[in-house]
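Chemist: Quick one, structure for this:
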Amino acid sequence: MEYQLCPSILSADFNRLGEQIQTLEKEGVEWLHIDVMDGDFVPSISFGMPVIRSIRKESKMFFDVHLMVSAPERYIQDFVDCGADSITVHAEACEDLERAIELIRDAGVKVGVSIKPATPVNDISHLLEDVDMVLIMTVQPGFGGQKYISECTEKIQELKEIIDKEELDVDIQVDGGINEETLVTVMEAGANLVVAGSYVFNGNLADNVRKIEVQMEKIKSKLD
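Modeler: Below is the predicted model:
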């Protein structure tokens, strides 16, 4: 199983965004998590295609685009065109989730489906054969810096059990409230892709990345 730290640029210093992305790349980070929020599906508004297109010119990282927007089907091709390598849509935001998954697949990028803390795994379990990744939100989507919702640990475990039982090749990503303690919790529960915002960007970026990567490697070695 591939483990990846996925820094969320929602917590980056946008005055130094390009510089910080370069630092992440120099430290060997391969994934960049990009939260797109529309002020409708979630209260906050973040950024959209122009920002992604701009940073795509300077980065070879894997752009993990998380659409926290209503009716995301409208924008899938646009985000692929501006540089997304994967598109994650929310099950709660799609009128026809199966159709949204098909559109992402047809666009030629990896397919992700996300669920909010209150949404049961069972709501998307029948679609696991059609996706590359499930993102379990471990905070309420829309704001950074929230505390990890401990009840979500059982959801990670449940999803992991289904994936293993059905022998599926599906990544489990988590997003929200990741710190030194909860990183252990989510990885032991079954997550292999870990989104982190303030845990990565608050303080010395390079030092933080090194520290987290070492910690992830230690946890991974115990799991193996």
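Chemist: confidence score at Asp224?
Modeler: Here the pLDDT value assigned to Asp224 is 80.
Chemist: How about Ile156?
Modeler: Listed pLDDT for Ile156 reads 98.
Chemist: do the same with Thr182
Modeler: 97.
Chemist: and Glu102, which of the three is it?
Modeler: Going by DSSP: H, G, I helix; E, B strand; the rest coil, the secondary structure assigned to Glu102 is helix.
Chemist: Next, count neighbours for it.
Modeler: Close neighbours of Glu102, defined as other Cβ atoms under 10 Å, add up to 15. Bear in mind the C-beta positions are built from the backbone N, C-alpha and C, glycine included.
Chemist: One more: the one 10 residues further on?
Modeler: For Gly112, the tally of surrounding residues (other Cβ under 10 Å) stands at 25.
Chemist: correct me, but it touches Val134?
Modeler: Yes: at 7.1 Å, Gly112 counts as touching Val134 under the criterion of Cβ atoms under 8 Å.
Chemist: Now list whatever residues contact both of the two.
Modeler: Here Gly112 and Val134 share the contacting residues Gln173, scored by Cβ atoms under 8 Å, 6 or more residues apart in numbering.
Chemist: Export stretch 188-197 to PDB, keeping only CA atoms.
Modeler: Taking C-alpha atoms only, stretch 188-197 is exported to PDB below (Å, rounded to 0.1, in the frame of the first residue of the first chain):
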ATOM      1  CA  GLU A 188      -3.800   2.500  12.400                       C
ATOM      2  CA  ALA A 189      -7.500   2.600  11.400                       C
ATOM      3  CA  GLY A 190      -6.600   2.000   7.800                       C
ATOM      4  CA  ALA A 191      -5.900   5.400   6.100                       C
ATOM      5  CA  ASN A 192      -3.000   5.600   3.700                       C
ATOM      6  CA  LEU A 193      -3.400   9.100   2.300                       C
ATOM      7  CA  VAL A 194      -3.300  11.800   5.000                       C
ATOM      8  CA  VAL A 195      -4.300  15.300   4.300                       C
ATOM      9  CA  ALA A 196      -2.800  17.900   6.700                       C
ATOM     10  CA  GLY A 197      -3.000  21.600   6.700                       C
END
